[in-house]
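>>> All I have is the shape, not the residue letters:
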């Protein structure tokens, strides 16, 4: 599946949430967000015959916390969702490293060929980044109006994530593995084989 389609499937529900919230309020916006998320997950399955782990986990949380928001008519639940999801991702990545498992490598190993040290660095950085996003979400939703929080969720978190991703390119390049002509692998940039 092309990258732009993946991006559209991830951003589409957020943009729908933004528009629905601005026209009908947070509870209706959340209900529409839930439907758009389910449609995006179904489209991902139809197009690729698989659903990536992060969008799937996030989608389940949207449906659970969105369902609570709609059912109880309380926006607290949808506001807590980014905090809980990002905390979960951060703890899984850092906890995995503490127990000898690199879940980032498991999720992305087919996309990037990186040394073990590179995977460790990336997992630590992403784990800390997810925890920072959780803290930022808590600060924002507790200190601003709901519409401002929705704007931050849609137009703040994604750009922060893109910028953070771009800052990780030097690690990917430094620890990239290239196959040698004789079939062995060599790490580029760190002088080790």
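Here it is on my side, so go on. Since the model is a prediction, treat every value here as computed from it, not as a measurement.
>>> okay, now the closest residue to residue 82 other than its chain neighbours: neighbour count?
Setting aside the residues directly before and after it, residue 82 is nearest to residue 137 in space (CB to CB, 6 or more residues apart in numbering), at 4.4 Å. Using the backbone N, CA and C atoms, a C-beta is placed for each residue, glycine as well. Counted by other CB atoms under 10 Å, the residues lying close to residue 137 total 24.
>>> With residue 1 instead?
Here the count is done by other CB under 10 Å, and residue 1 has 13 residues near it.
>>> Looks like it contacts residue 48 (just checking).
Yes. Using CB atoms under 8 Å, residue 1 is in contact with residue 48, at 4.6 Å.
>>> so after the strand or helix carrying residue 81, what's the next helix or strand?
Taking DSSP states H and E as the definition, residue 81 sits inside helix 76-98. Once the chain leaves helix 76-98, the next helix or strand it forms, by DSSP H and E, is helix 103-108.
>>> what about the helices in the chain?
Taking DSSP state H as the criterion, the chain contains helices spanning 3-24, 26-48, 53-72, 76-98, 103-108, 116-143, 146-155, 157-167, 169-174.
>>> Mind listing residues that contact the fourth one?
Looking back up the chat, that one is helix 76-98. Where contact means CB atoms under 8 Å, 6 or more residues apart in numbering, the residues beyond helix 76-98 that reach it are 26, 30, 33, 54, 57-58, 61-62, 65-66, 68-69, 102-104, 120, 123-124, 126-131, 133-134, 137-138, 141, 146, 149, 153, 157.
>>> in stretch 110-130, what's buried?
For stretch 110-130, a neighbour-count test (16 or more other CB atoms under 10 Å) marks 114-115, 118-123, 125-127, 129-130 as buried.
>>> how about the residues you listed, which pair is most distant?
Between any two of those, the greatest separation by CB to CB is 22.4 Å, found for 115 and 130.
>>> Could you report the neighbour count for residue 71?
Other residues near residue 71 come to 10 when the count uses other CB under 10 Å.
>>> and it, what pLDDT?
The predicted local distance difference test score for residue 71 is 96.
>>> what's the residue nearest to residue 53 when sequence neighbours are not counted in contact with, if anything?
Nearest in space to residue 53, with sequence neighbours left out and distances taken as CB to CB, 6+ apart, is residue 107 at 5.6 Å. In this structure, residue 107 makes contact with 52, 53, 54, judged by CB under 8 Å, 6+ apart.
>>> Looks like residue 176 contacts residue 114 (just checking).
Yes. Look at residue 176 against residue 114 with CB under 8 Å: they come within range, at 6.1 Å.
>>> Just want the most central residue of the chain.
When the chain is reduced to its mean C-alpha position, the nearest residue by CA atoms, centre = their mean turns out to be residue 54, at 5.7 Å.
>>> That one and residue 108, how far apart?
Applying CB to CB, to the nearest Å, one obtains 10 Å for the distance of residue 54 from residue 108.
>>> give the contact list for residue 112.
So residue 112 contacts 172, 176 (CB under 8 Å, 6+ apart).
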